[in-house]
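Asker: Mind folding the following:
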Amino acid sequence: MKYLYILILIFPTLIFSQEKLKYNTNGQSIEFEISKNQYYIKFKPDKKTIIKNKIDLKTVIPINENTALTTSNESSLNFKKGKSKTLEDFDYQIEKVEPVLIYKDGVKQVCNEEIIIQISNQSYLKKLFMDYEYTYVQDEFNDNQFLIKISGINTHQLFELTNRLNQDKNVVFAEPNFIRFMKPHTNDQFFSSQWSLNNQGYLGGNVDADMDVEESWAHSTGSGIKVAVIDEGVDLTHPDLNANLLSGYDATDGNLNGAPNEANLDAHGTACAGIIAGVANNTIGVAGVAYNAKIIPVRIGYSNELPLTDPNRAWITNNSWIANGINWAVQNDADILSNSWGGGSPSTAITNAINNAVNYGRTNHKGCIVLFSTGNFNTNVSYPATLNNVIAVGASSMCDERKSPTSCDGEFWWGSNFGNEVDVVAPGVEIFTTDISGANGYSTGDYDTNFNGTSSACPNAAGVAALVLSVNPNFTQTQVREILETTTDKIGNTPYNVTFQNYGATETWNNQVGYGRLNAFSAVQKAINYDNYNSHYITGPTQITPGTGGFYKISNPFVYATNYVWSIPSGCTYNYCWNIVQGQGTSAALIHGGSTGVYDITCKVYNGSTQIGNYYITVNVQNPYNGGGGGNGDPCDGDVVIMPTVIYPPEPCDNENMNVNNASERVYFKKVIIYNLQGQKIIETNEKQEVDISFLSSGMYIIKAELSNNEIMTKKILKQ
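Answerer: Below you'll find the model as predicted:
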């Protein structure tokens, strides 16, 4: 619901004497250059024809019915002069002119009077914006997060407001809701052309320079796995996709249920979906890497209507649409999120949505597997692939090398982005896949013969992830990632000169192809034979309860390690929250559980600033109070049966008793020993759930209990 608060406000005159603008959020300074010849213009819909007729159409890039980007043939030293010239060029028929902001990776962004804000309490919202005429919409996925529309505010003022908001203790974060103009990281009939599945020397490439997908199909085809394609929509009627499509979502409010705008030739998502889960053995078209997986189409943007060959063709999207698309996919049970897009400035709203998917997605918080393409500009990796908790996928050629302007494929105009964030590579050149059926799309038929870019590499990797997860749907996202990254083929001519302990094994990596090119057969084989114990190098209890845990230790510490950085989930059960009690910075840490579910405790090992190891252990946090009190599992609610002296972690109530109230998990006392303060054993019981202490003298005693899950619990009691 929208609410409108109106006040009269006189904004200060905007003067852009500087060539850059920046704002600060979450300790980061986000800086942009201001374009010297391109401007974001807003006009009334009835002026659209006049505007287009006023200037060469090549210099006007439409965004929607009343906004566009316009390019001047003259560069201006500052925005104020450029704005005046633009107004003059259009005979002052324009309502508004705003700067085009260029992030360091070249992605263009503009402000449209909107801010995304998360606050500690909704009641504080009115105070924060009391000086503005604004409307707001509450975020449907996050409590106390809002999209604010401020009438009349310009870009400079919006940045200043963002900085002020981020200094307020009641604001969790605030950021402009940027409009982003991104370049997408762009017996079956055509199976022989799908070299990424089985390469027999396709187009002069190397034999077996593929992902060994065909070999893996004897063991897994992706059954039971749902892959969300976060993109510009998927053709819902394509004959080679329809059987594998689930209900989708349109974050752009276009009410297309995850379908693309076919008139705009928005075929990118359809091509990605075909790579992942094109229907197999139907005598037509292609076979997806995981051809029995299901696709969830999620539309987060659309093209700007320009021809496919126009260099100015780009996606139009914004932070809010992207975050909502990701959050919706998680809420609707997606196992894997495939994202063939990226670029532009970091966004807290988008990052939070990704973190939510990785940490809390899937049943029992096993986590979604989130993959992003690295980008196609032969330079640094693009955000969000820069985030540590996603799998950053680069592209390889049919000659088993990083796709570059000089690789064997001959596509000299692009190269796969590379750098410290690259995790793996997958085939990304001349990929045969589905196109929008009929005349619309990349071709005039139902298939595209040369879909390329890290846009095609990412769904190839997502398909392999689906094969792995289908072997064991109980794998956590970290376990799937471990399997993918430790079963690669070491391709290319660049030495793998970084060696460290990762996932309990010695791994090699370089900044061109990461751990190497994915191998589906090897990954599926490891998934089938996965040894949960030998794969981990952290020891410690794997079954814990809120408020308890134990010591987690690196079983083989590094001689040259200077720091051990332990990471734990967030969340609480009652007043028991995840906590590193002691040992941060060392090879052994005492950690207590909080929120229930299946989680990973991780430890990154550093020598100075260089990461030399990355370990994890999966733990299951179970609620010991299931079924107790008031039907909600709260031990302080309702009638909880407390035995005369029973032991478990202190309940969040003011009493001296402790209780194992977890019959569904069959946790019980194996042994209970009571000591006096001199350390003498007074009572010892085995397999008893009650201990009679009525005969003991008044005084202080120590109780030590061993539970059936091998946990040791202690408590000090006062007998009166």
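Asker: quick one: the strands in the stretch 51-200 of the chain?
Answerer: Taking DSSP state E, counting those that start in this stretch, the strands of the stretch 51-200 of the chain run over residues 60-64, 67-71, 96-102, 108-110, 114-119, 134-138, 145-150, 171-176, 179-182.
Asker: I'd like those strands as JSON lines, with mean neighbour count, distance to Arg299 and mean pLDDT appended.
Answerer: Yep, even glycine has a C-beta here, placed from its N, CA and C like the rest. Listed next are the strands of the stretch 51-200 of the chain as JSON lines, based on neighbours: other CB atoms under 10 Å; distance: least, CB to CB, whole Å; pLDDT from 0 to 100:
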{"stretch": "strand 60-64", "mean neighbour count": "18", "distance to Arg299": "15", "mean pLDDT": "79"}
{"stretch": "strand 67-71", "mean neighbour count": "20", "distance to Arg299": "20", "mean pLDDT": "88"}
{"stretch": "strand 96-102", "mean neighbour count": "21", "distance to Arg299": "25", "mean pLDDT": "94"}
{"stretch": "strand 108-110", "mean neighbour count": "22", "distance to Arg299": "20", "mean pLDDT": "95"}
{"stretch": "strand 114-119", "mean neighbour count": "23", "distance to Arg299": "19", "mean pLDDT": "96"}
{"stretch": "strand 134-138", "mean neighbour count": "19", "distance to Arg299": "19", "mean pLDDT": "94"}
{"stretch": "strand 145-150", "mean neighbour count": "20", "distance to Arg299": "18", "mean pLDDT": "96"}
{"stretch": "strand 171-176", "mean neighbour count": "22", "distance to Arg299": "22", "mean pLDDT": "96"}
{"stretch": "strand 179-182", "mean neighbour count": "23", "distance to Arg299": "14", "mean pLDDT": "92"}
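Asker: As TSV, those strands with distance to Thr685 would be great.
Answerer: Converted to TSV, the strands of the stretch 51-200 of the chain look like this (distance: least, CB to CB, whole Å):
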stretch	distance to Thr685
strand 60-64	74
strand 67-71	76
strand 96-102	71
strand 108-110	68
strand 114-119	52
strand 134-138	55
strand 145-150	52
strand 171-176	50
strand 179-182	65
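Asker: Can you say which of the ones you listed is nearest to Asn686?
Answerer: strand 171-176 (51.2 Å; CB to CB).
Asker: strand partners of the closest one, parallel vs antiparallel please.
Answerer: strand 114-119 (antiparallel) (DSSP bridges).
Asker: gap between the strand it pairs with and the chain center?
Answerer: 20 Å (CA atoms, centre = their mean, to the nearest Å).
Asker: Can you give the contact residues for that strand?
Answerer: 125, 128, 142, 144-150, 158, 161-162, 165, 170-177, 318-320, 323, 348-349 (CB atoms under 8 Å, 6 or more residues apart in numbering).
Asker: Nearest to Gln28, out of the strands of the stretch 51-200 of the chain?
Answerer: Once the strands of the stretch 51-200 of the chain are compared by CB to CB, strand 171-176 is nearest, at 10.1 Å.
Asker: so that closest one versus strand 96-102, what angle?
Answerer: 100 degrees (axes from the mean of the first three to the mean of the last three CA atoms, to 10 degrees).
Asker: what does strand 171-176 contact?
Answerer: Contacts of strand 171-176 (CB under 8 Å, 6+ apart): 23, 25-26, 111, 114-120, 128, 144, 158-159, 162, 165-166, 319, 347-349.
Asker: what's the average pLDDT for stretch 476-483?
Answerer: For stretch 476-483, mean pLDDT is 93.
Asker: What degree of burial does the closest residue in space to Lys490 that isn't next to it in sequence show, as a neighbour count?
Answerer: Residue nearest to Lys490 in three dimensions, not counting chain neighbours: Gly516, with 4.7 Å by CB to CB, 6 or more residues apart in numbering. By the criterion of other CB atoms under 10 Å, Gly516 has 25 neighbours.
Asker: Likewise for Ser708?
Answerer: Ser708, neighbours per other CB under 10 Å, totals 14.
Asker: repeat for Asn332
Answerer: 15.
Asker: can you pull up the bridge partners for the residue nearest to it when sequence neighbours are not counted?
Answerer: Leaving aside its sequence neighbours, Asn332 sits nearest to Ile296 (CB to CB, 6+ apart; 6.5 Å). Counting by DSSP bridges, Ile296 is bridged to Ala228.
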